[in-house]
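# sequence and predicted structure, then a few things I'm wondering about:
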Amino acid sequence: MAINRASISKELLPGLNAVFGMEYGEVNNEHEPLYDIENSDRSFEEEVLFTGFGTAPTKLEGAAVSFDNASESYVARYNNETIALAFAITEEAMEDNLYDTFSKLRARGLARAMANTKQQKAAAVFNNAFSTAGADAIGDGQAFISTAHPIVVGGTQSNKANNGTNADLSQTTLETSLIQIQKTKDDRGILIGAGAVSLHIPNDLIFVADVILNTPGTTGSADNDINSLRNMGMVPNGFFVNRRFNDPDAYFIKTDVPNGTKMFVRTPLQTKMEPDFDTGNIRFKARERYSFGVSDWRGYYGNPGV
């Protein structure tokens, strides 16, 4: 009896999707705490950073009201990339009743490959955060984490933690950085009331971060001083580990400034199966489109350590 490939593909697809989805879900979505995730309906997205208004002046009696302009500072561009991968099940494998075993094994591998690519691209923004090489620079021409972000009123601002000095993560450097974050200003030099939300680290710093944020007393002290970071809830969402951060000393502090880093999803993950007439193979494909990037550098402070 002849094998009906179209029929086999229809019967096999639900099972493959189940295996695929299960394997994809087992890979931790470590990008989610790092980015605000939005949908996209075109090949690219652009976000314009507006400078806001300066301090409002006092209006004297009978005098005209002052006017101000909110101008553009820079544009952040997100180019949605297409990520796709496929595999084929041969006609011979189907004839020998091996398609079920082969396809499920390959579906698991395909799921891992798709998930790994997404996590690598998400981590790359942070792995290249101190670089201006190639496409690493953000909209203002500086590195994501820099001591020289230009502002409209003249001069520069820094989002390099520990007041711009390289230092490993410790209770002291984190406290210094949190004070620095609270002094963040907009492009007109006005304080914006920023605060820390979470700490993001490589797995090399997991025990250091746990001690700093969760120990009741001040670390390294025998004076029974309280741990103010913990007592005041200065990092309310705690810390997140990203296994694809490639610098064992670098750390990043996410702030509550909106529109910091974003992921745009143009096309969610899709899977498709179809027969190939020429070869008799059954082909299984996974595809999605997305982009990662930085809109406002004030969304993070970071330090490469020493």
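Received it, and whenever you're ready, just let me know what you need. Numbers count the residues shown, from 1 in each chain.
# in a helix, Glu175, correct?
Yes. Assignment of Glu175 by DSSP: H, G, I helix; E, B strand; the rest coil places it within a helix.
# which non-adjacent residue is nearest it?
Closest residue to Glu175 apart from its sequence neighbours, by CB to CB, 6 or more residues apart in numbering: Leu229 at 6.7 Å. For glycine as for every other residue, the C-beta is placed from the backbone atoms N, C-alpha and C.
# what ranges do the helices span in the chain?
5-26, 91-95, 99-127, 171-182, 206-214, 228-231 (DSSP state H).
# any idea how far apart the tips of stretch 73-91 sit?
Its first and final residues considered, stretch 73-91 spans 58 Å by CA to CA, to the nearest Å.
# the nearest residue to Asp36 once chain neighbours are set aside: what's it in contact with?
Spatial nearest neighbour of Asp36, excluding adjacent residues (CB to CB, 6+ apart): Lys262 at 5.1 Å. Going by CB atoms under 8 Å, 6 or more residues apart in numbering, Lys262 touches Tyr35, Asp36, Ile37, Glu38, Glu47, Tyr78, Phe292, Gly293, Val294, Ser295.
# longest single strand anywhere in this structure?
Of all segments of type strand in the chain, defined using DSSP state E, the longest is strand 261-275.
# centre of the chain to stretch 123-141, how far?
Mean C-alpha position of stretch 123-141 versus that of the full chain (CA atoms, centre = their mean, to the nearest Å) differs by 13 Å.
# hmm, who's touching it?
For stretch 123-141, the external contacting residues (CB under 8 Å, 6+ apart) are 30-31, 34, 49, 73-77, 142-146, 149-150, 200, 242, 244-247, 250, 252, 261, 292-295, 297, 300, 302, 304.
# how about the nearest residue to Pro216, chain neighbours excluded?
Among residues not flanking Pro216 along the chain, Asn227 sits closest, at 5.9 Å (CB to CB, 6+ apart).
# if I look at that neighbour, how far off is Gly238?
Counting by CB to CB, to the nearest Å, the separation of Asn227 from Gly238 is 13 Å.
# of the two, which one has the most company?
Between Asn227 and Gly238, Asn227 has the larger neighbour count (other CB atoms under 10 Å), namely 19 against 14.
# okay, Leu35: pLDDT?
No Leu there; residue 35 is Tyr. Looking at Tyr35, its pLDDT stands at 98.
# in terms of contact, does it touch Tyr290 like I think?
No. At 10.2 Å, Tyr35 does not count as touching Tyr290 under the criterion of CB atoms under 8 Å.
# more neighbours: which of the two?
The neighbour count for Tyr35 versus Tyr290, taken as other CB under 10 Å, is higher for Tyr290 (22 against 19).
# show me the contacts for the residue nearest to Glu175.
Counted by CB under 8 Å, 6+ apart, Leu229 has contacts Gln171, Leu174, Glu175, Leu178, Ile212, Leu213, Val235.
# filter those residues to the buried ones?
Buried residues within the contacts of Leu229, counting neighbours by 16 or more other CB atoms under 10 Å: Gln171, Leu174, Leu178, Ile212, Leu213, Val235.
# and those residues, which is closest to Leu60?
Distance to Leu60 across those (CB to CB) is lowest for Leu178, with 40.7 Å.
# my guess is that closest one contacts Gly233. True?
No. Here Leu178 lies out of contact with Gly233, judged by CB under 8 Å, at a distance of 11.3 Å.
# follow-up on the earlier one: hmm, which of the contacts of Lys262 is lowest in pLDDT?
Lowest confidence among the contacts of Lys262: Glu47, with 92.
# please name the bridge partners of that one.
Glu47 forms beta bridges with Ala76, as assigned by DSSP bridges.
# so who does it touch?
By CB under 8 Å, 6+ apart, the contact set of Glu47 is Val75, Ala76, Tyr78, Asn259, Lys262, Ser295.
# what about Asn303, neighbour count?
27.
# how much space between the nearest residue to it once chain neighbours are set aside and Gly193?
Distances taken as CB to CB, 6+ apart place Ala161 nearest to Asn303, at 4.1 Å, with adjacent residues excluded. From Ala161 across to Gly193, the span is 18 Å (CB to CB).
# where does this structure have low pLDDT?
Low-confidence segments of the chain (pLDDT under 70): 1-16, 18-27, 97-103, 219-224.
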